[in-house]
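Engineer: Return a 3D structure for these sequence lines:
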Amino acid sequence: MATLLLLITAVLTALIAGLFYAYSCSVVLGLGKLSDIEYLKAMQSINREILNPVFFLSFMGTAVLLPVSTFVFRGQPAFIFLLMASLAYLIGVFGITVGGNVPMNDVLDRFDISGAATEAVRKMRDSFERRWNLLNNIRTFFSVITIALVVCACIWNKET
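Structural biologist: Okay, here's the model as predicted:
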């Protein structure tokens, strides 16, 4: 049963790492080519649509299952990998998202693009895009570290 828990944890962690990786190496690059209005409208739409059960299952599921897996594997060789993965995810992915990206998304969501002057639209994009992308790259880095550590835990678990 513990191995099944570890496998489910690994899959959810990989899904989230893949999501943030795809954003970093394709989505934000494509969005960056759009005009200011197109960019802001696209980001508003994406930020609204990502709030769905499938995303929450993987994002929140990883936040729950990593610490649970760490607890289950305490005293075993895989424990240290899972502990480091939990910390990397909870601080570098979950924490950055909740403390950085989400508040920025909320500000953007309240911004009335159609009623804003061209200069206000430009200022909104300037204040949003670079910082949001930086935070996304940070959480991408930590999500990749997290899945690498979970894979190490899986390998270490198999060898014991």
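
Engineer: going forward, measure contacts and count neighbours with C-alpha atoms only.
Structural biologist: OK.

Engineer: So A85 is in contact with I145, correct?
Structural biologist: Yes: using Cα atoms under 8 Å, A85 makes contact with I145 at a distance of 7.3 Å.

Engineer: These two: which is more packed in?
Structural biologist: A85 (29 against 18; other Cα atoms under 10 Å).

Engineer: how far away is the more buried one from R74?
Structural biologist: 14 Å (Cα to Cα, to the nearest Å).

Engineer: now swap in E119 and tell me
Structural biologist: E119 is 55 Å from R74, by Cα to Cα.

Engineer: now the helices: where do they sit in the protein?
Structural biologist: 2-22, 28-31, 36-49, 53-72, 79-87, 96, 102-110, 118-159 (DSSP state H).

Engineer: so of those helices, which one's packed in deepest?
Structural biologist: Neighbour counts (mean count of other Cα atoms under 10 Å) averaged over each of these peak at helix 79-87, with a mean of 22.

Engineer: now for that one, which elements pack on it?
Structural biologist: helix 53-72, helix 118-159 (3 or more Cα pairs under 8 Å, 6 or more residues apart in numbering; DSSP states H and E).

Engineer: Going by contacts, tell me the helices and strands next to the shortest one.
Structural biologist: It stands for helix 53-72. helix 2-22, helix 79-87.

Engineer: Flag the shaky bits of the protein, pLDDT-wise.
Structural biologist: 158-160 (pLDDT under 70).

Engineer: farthest residue from the center of it?
Structural biologist: A117 (32.1 Å; Cα atoms, centre = their mean).
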